[in-house]
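*Asks:* No sequence on hand, only this structure:
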């Protein structure tokens, strides 16, 4: 009998899907970080650049693999910015940018159709609008030179400095992979583990923990291009710029308790506000502005590295020049066809606008295009109606999944002699996109310049530039977020980060967590930027705001009619709240439809609540809650005539800060009410209602 054959030592081992030698299906094997092909990696925090300030190299296979896999993690919704809502509109240029850019849509008087999508970053499509998060502010300009996408956020800085780390920060911020919780929030261990270890995130975190993380509405939310762009004028001269969107309605946010309540009772709060406002003719308006800095080859200004996306340029150093106005005036016809299928890309540029060597921007130039291939089913997503350019297209791109264009001709290549040599190339003088010549040289490295090492100075500037009430909100936010973490070492490490921002901030958060405050090295003094504060002293417009009016069968309906007329002139709306639904009538002269009942109304829906004269005081707990919540959330309250008795029955003194009263709903009353609403919040009430002691509605602490 022949002897048994020995096992072939060269035969492949029984390995698992990621190289596990025992064939197990576990997802990790070995202790070293590798590519998907098992290549060990020395660095996954820096993309491969030409020198530490040069552009990212296409040969960086690790960057492309890491970003590509991340781009395709979610099917079919977006990996980030899944929760969004959008509107159509028009952009009209003032012509004031003509000296710095030859972009045609920025010429004087030029009107351009736009599509704008607002979004949260972390949550799924089914999450809530009012969670604490960064918001996307993406604008698609359908120019006659091609589509230009300004894909920004409501915060001018970002978590990371290099795009290769984008999968990491999102993995850390998304729900934990074992339980898929918490949804649409950063108050958990993995996010703060990342933020405390990657201190470059500190500046962005400060913004997110401020009131900017919970905007009141899209119409009162700023937008930023985040990156530094290069503009080129008709003479070939270049400038470095940062883009800003300034809401005409002013900048306004929720308070934290209000945001939490709203997420529960109306998770569609922001999209509903925008859609209802547009439908009612209260269009959303923003002015586009630019900060212009010299392109002197240093890519810096006043010591600020303009290639670092975690840094901003204070407007006190470089004022924002307004160059045009955006008006959102039409709702989408179909949410899926337009809002869900719209595809933005930072590489959608027009002549006169170029990118810079910002390593986050460089990675985005690859990532956005790659993302659409899976999300929208192939390379022909530009043929979807919402994505189609509003100018002639002759691209020589053929076939592929979901090809809907019927191409003609035989020669989709250049040069050719079969199709008459077409399509023709276009020179820069004829409107072709030709980048400005610039010298690029350096040794390929995975590194950041030394100027990227400053992770705290601008976070300190931001915190110290805010008013005391805004600083108190940041303390509250950090205390809440870190209080939700289970790992003690993460809390302690983030406190060390805060100690390097501001000692008082760190001490207050530490006290709230019951932990000792570590010593740090925050800046003793430095530039402050009062423009970073949202608190205003002069009333702004109230278009799009909602005023709730409490009334019953015996209320002064004529006064309600006067208030509604005055509000409509200012673009605001009045909603009547009554004990039960139906119609309120008096002697037959006036009839008022009830919009909300005490069962369906909550104060978070309204910017102000007013009690109509002759309304009967009742002890309904729902009415008391409605008024007390509005008071606690620093909203304007009002009453005319004997309607003040309803406020007093709810424990609210008529001489409290932010309570507007009058003998009737006359012009003087409505003007005072509008001015109070135009200040956004009753900040004089804040110290009392945020105090630990139980406050009285009359404005004095109970002893």
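*Replies:* Yes, it's here. Bear in mind the structure is a predicted one, so any value in this text is a computation, not a measurement.

*Asks:* In which helix or strand does the closest residue to residue 563 other than its chain neighbours reside?
*Replies:* Excluding the flanking residues, the one nearest residue 563 by CB to CB, 6 or more residues apart in numbering is residue 665, at 4.9 Å. C-beta here means a position set from N, CA and C on the backbone, and glycine is covered the same way. In this structure, residue 665 sits in neither a helix nor a strand according to DSSP states H and E.

*Asks:* and residue 570, how many neighbours does it have?
*Replies:* Residue 570 sits with 17 neighbouring residues when counted by other CB atoms under 10 Å.

*Asks:* Spatially nearest residue to it (excluding sequence neighbours)?
*Replies:* Nearest non-adjacent residue to residue 570, counting by CB to CB, 6+ apart: residue 542, 5.3 Å away.

*Asks:* OK, contacts around the residue nearest to residue 563?
*Replies:* Residues near residue 665 by CB atoms under 8 Å, 6 or more residues apart in numbering: 556, 558-560, 562-563, 612-613, 640.

*Asks:* what are the phi and psi angles of it?
*Replies:* When quoted as degrees, to the nearest 10, the phi and psi of residue 665 stand at phi -90, psi 50.

*Asks:* what about it, distance to residue 459?
*Replies:* Between residue 665 and residue 459 the computed distance is 47 Å (CB to CB, to the nearest Å).

*Asks:* So, low pLDDT: which residues of the chain?
*Replies:* 1-29, 75, 690-703 (pLDDT under 70).

*Asks:* List the contacts of the residue nearest the centre of it.
*Replies:* In the chain, the centroid-proximal residue (CA atoms, centre = their mean) is residue 135; its distance is 1.7 Å. Listed by CB under 8 Å, 6+ apart, the contact partners of residue 135 are 118-121, 153-155, 215, 221.

*Asks:* Most neighbours among those, which one is it?
*Replies:* Using other CB under 10 Å as the neighbour test, the contacts of residue 135 are led by residue 118, with 27 neighbours.

*Asks:* Helices along the stretch 601-703 of the chain, start to end?
*Replies:* Assigned by DSSP state H, counting those that start in this stretch, the stretch 601-703 of the chain shows helices spanning 621-632, 644-649, 667-677, 686-689.

*Asks:* From the contact counts, what lies against the longest one?
*Replies:* Think helix 621-632. In terms of contacts (3 or more CB pairs under 8 Å, 6 or more residues apart in numbering; DSSP states H and E), helix 621-632 is packed against helix 256-265, strand 608-611, strand 636-640, helix 644-649.

*Asks:* Not counting it itself, show me its contacts.
*Replies:* Contacts of helix 621-632 (CB under 8 Å, 6+ apart): 257-258, 261, 550, 577, 598-599, 601-604, 606, 608-609, 637, 646-647, 649-652, 656, 685, 689, 697.

*Asks:* Nearest to residue 372, out of the helices of the stretch 601-703 of the chain?
*Replies:* helix 667-677 (41.9 Å; CB to CB).

*Asks:* Quick check: residue 443 touching residue 51?
*Replies:* Yes: the pair residue 443 / residue 51 is scored as a contact, 6.4 Å apart, by CB atoms under 8 Å.

*Asks:* With neighbour numbers in mind, choose between these two.
*Replies:* Between residue 443 and residue 51, residue 51 has the larger neighbour count (other CB under 10 Å), namely 15 against 10.

*Asks:* With adjacent residues omitted, what lies nearest to that one?
*Replies:* Per CB to CB, 6+ apart, closest to residue 51 is residue 442, 2.5 Å.

*Asks:* residue contacts, residue 106?
*Replies:* Residue 106 touches 93, 95, 97-98, 323-324, 352, counting by CB under 8 Å, 6+ apart.

*Asks:* Quick one: distance of stretch 642-651 to the chain centre.
*Replies:* 39 Å (CA atoms, centre = their mean, to the nearest Å).

*Asks:* typo on my end, it should be stretch 330-350
*Replies:* Worked out by CA atoms, centre = their mean, stretch 330-350 lies 17 Å from the chain centre.

*Asks:* Buried residues in it, which are they?
*Replies:* For stretch 330-350, a neighbour-count test (16 or more other CB atoms under 10 Å) marks 331-332, 338-346, 348-350 as buried.

*Asks:* and of those, the nearest to residue 182?
*Replies:* Distances from residue 182 to these, taken by CB to CB, are shortest for residue 340, at 24.4 Å.

*Asks:* and the gap between residue 248 and residue 111?
*Replies:* In this view, residue 248 and residue 111 are 17 Å apart by CB to CB.

*Asks:* likewise residue 479?
*Replies:* Taking CB to CB as the measure, residue 479 falls 48 Å from residue 111.

*Asks:* higher neighbour count, these two?
*Replies:* The residue with more neighbours, out of residue 479 and residue 111, is residue 479; 17 against 11, by other CB under 10 Å.

*Asks:* what about the more buried one, which helix or strand?
*Replies:* With DSSP H and E as the test, residue 479 turns up in helix 468-483.

*Asks:* what residues does that helix touch?
*Replies:* Against helix 468-483 from outside (CB under 8 Å, 6+ apart): 132, 186-187, 192, 206, 209-211, 213, 255-256, 463, 466, 490-491, 494-495, 498, 505, 508-509, 512-513, 533-535, 683, 686-687, 690.

*Asks:* Spit out the contact partners of the closest residue in space to residue 140 that isn't next to it in sequence.
*Replies:* Taking CB to CB, 6+ apart, and ignoring the residues beside it in sequence, residue 140 has residue 115 as its nearest neighbour in space, at 4.6 Å. Applying CB under 8 Å, 6+ apart to residue 115 gives the contacts 86-89, 139-140, 142, 338, 342, 386.

*Asks:* isn't there a strand covering residue 115?
*Replies:* Yes: according to DSSP: H, G, I helix; E, B strand; the rest coil, residue 115 belongs to a strand.

*Asks:* Is it bridged to anything, and to what?
*Replies:* residue 88, residue 140 (DSSP bridges).

*Asks:* now it: how far from residue 307?
*Replies:* Residue 115 sits 29 Å away from residue 307, taking CB to CB as the criterion.

*Asks:* ok, now residue 647?
*Replies:* Distance, residue 647 to residue 307, by CB to CB: 55 Å.

*Asks:* Now for residue 310: which residues touch it?
*Replies:* Counting by CB under 8 Å, 6+ apart, residue 310 has contacts 157-161, 200-201, 203-204, 455, 458.
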